[in-house]
Every structure is written in C-alpha cells, then in structure tokens.
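Visitor: Build me a structure from this.
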Amino acid sequence: MTAAVSGMRVNEAKRIETVLSLLTAEAIDPCLYVGSSAVNQPAADEPFVDQRLFAPLRARGVRVVYVETRKADGVDLVGDMLDESFQTELKKLRPRLILSPHLPERLSDLAEFAKACARIIEPEGFLLIVRPSFHRNPPDPAPTLYRPGIELMRRIFPDFQVLAQNIVSDRTGFSEFVNGYAAGEFARALAGDIVKLPYLLISDPARFKTRYEKYARLFGPRTSAVVLLRRLAEDNDEGTQH
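Guide: Model prediction:
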C-alpha cells in the first residue's frame, strides 16, 4: 500500500488564496467546495488548507458548503455532482463559486463536469480548479484528460471564460514521487521495475512505456496551474441544458 498523497500542495493553496482575494466576497458567496477529502481534517494533516483557503473566506463572510461523494466529518452535502438530481439540489443554493481543486483530474469525462458546473453556478459566477502537470502514478481514469492545455480548456468549458491560469511550481518530481510511498516501499518498487525492465522492453513495448515513463519526469519541478473561469451570462449561453 502506498501512503496517501495530499490532493493539494502548500503553494497551490497560497496561489488559490491570492486569486480569491482579488474577487469581492459578494462575487463568490456562497461557495461550494467539491470533492476533496482534505476538508475533513485540515487542522491535523493539512493545516495550510484551512489557513489559506477557508479561514480567509470565513473572515470575509463567505459561506462555504462542503460537498463530497461520501459522508464524513465536515461534509455538508453528499452526492454525485454529475447526477442531474443532485445538480438541481446544488443549484438551489445559488452558488457564486465552485472551488474544486483536484476533482477534475480524477474524472473520465471532464466535459460532463464542465456541463454540471455550468448548470449549478450562477451566471457570471466562478469556477476554480487546479490543472496538474505531474503526479506520481495518478489513479485511473486521471490520465484521460490529465493535462489539458488552455485551448482545450476553452473547448471543454464552452460556457465559461478562462480568466487566469497561474503556474505553480515547487518540489521536484523526484520528491513528489518518493513521498508517495510508505517507508521502504520505494526501494522495493524500484527494484521490481529494474528486474522487469529488460523483459518488458523486449516483449511488451507498450507496457514498458506506460510503466517507465514516470521516471522521465523525476528531476523536473512539480508544476500545476490554478485556473479561474467565469460562468458566462445567460445571454451568452450556447447549448447548455438547464
């Protein structure tokens, strides 16, 4: 078993704090925080999540509603954001901001997520997501649309205007890779990859590429993009079903 890897890094939280600070409280109230287990225990495991995200929002009087797919401490609403009946429930809250840092990377159909956000968010409201460019062995189906560029983002989110894409970079890929393993497991995993390397290289080049491409990214910085989008006004909607 690998150790749990945090869904958000400190520098990402700092950048999100900066981006949100440029918007008025009225423009982002209420806020839906969707799909991150970090909210359940920010004080113990990720104190920076509360310090950088939630505490400033609370201080500005912004109501934050925590949404997850399973019940847990601190979760206000439980449901699947892609389910239309749950979308109707969320829309009744008239959210001005959906803050969903790392949920999109775990979805097989990012376009459906975009449609859901368009149905839920008030016109001229905001959506903030994080677009990673490196992650150790992301769980399927994350690789499907794992690194959408800015033009692809515009196509996937046709009901939104991309306002900003701020690049965040801190730890190297190597430290991110190693820190995803429990003590001693990294050495065992590396040894296993070394043993299997010649066999896969000769017998199954496709599996070889999939298994070993992660090593090509180990020594660059771990980067991501904090992306802020604005929901178009109703008069500009084209094709979104409400």
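
Visitor: for this structure, longest strand please?
Guide: Assignment by DSSP state E gives strand 160-172 as the longest strand of the chain.

Visitor: Can you tell me what sits against that strand?
Guide: In this structure, residues lying in contact with strand 160-172 by Cβ atoms under 8 Å, 6 or more residues apart in numbering are 9-12, 15, 18-19, 114, 117-118, 126-127, 131, 150, 153-154, 218-232. In this view, the C-beta of every residue, glycine as well, is placed from N, C-alpha and C.

Visitor: In strands, which of those fall?
Guide: 126-127, 131, 221-231.

Visitor: okay, the angle between the longest strand of the chain and strand 221-231?
Guide: Inter-element angle recorded for strand 160-172 and strand 221-231: 160 degrees (by axes from the mean of the first three to the mean of the last three Cα atoms, to 10 degrees).

Visitor: same question for strand 160-172, mean pLDDT?
Guide: Regarding strand 160-172, the rounded mean pLDDT is 78.

Visitor: Each with direction, which strands does that strand pair with?
Guide: Using DSSP bridges, the strands paired with strand 160-172 are strand 221-231 (antiparallel).

Visitor: Could you give the average pLDDT over the strand it pairs with?
Guide: 84.

Visitor: Can you get me the start-to-end distance on stretch 93-110?
Guide: 23 Å (Cα to Cα, to the nearest Å).

Visitor: scratch that, stretch 86-100
Guide: Termini of stretch 86-100 sit 16 Å apart (Cα to Cα).

Visitor: sorry, back to before: which among the contacts of strand 160-172 count as buried?
Guide: Buried subset of the contacts of strand 160-172 (neighbour count, 16 or more other Cβ atoms under 10 Å): 9-12, 15, 19, 114, 117-118, 126-127, 131, 153, 221-232.

Visitor: count of neighbours near Ala233?
Guide: 10 (other Cβ atoms under 10 Å).

Visitor: show me the contacts for it.
Guide: Applying Cβ under 8 Å, 6+ apart, we find Ala233 in contact with 123-124.

Visitor: returning to that earlier point: what is the nearest of the ones in strands among the contacts of strand 160-172 to Leu77?
Guide: Leu77 has its nearest neighbour among the ones in strands among the contacts of strand 160-172 in Leu127, at 17.5 Å by Cβ to Cβ.

Visitor: What residues of the stretch of helix or strand Thr88 belongs to count as buried?
Guide: Per DSSP states H and E, Thr88 falls inside helix 84-91. For helix 84-91, a neighbour-count test (16+ other Cβ under 10 Å) marks 86-87, 90 as buried.
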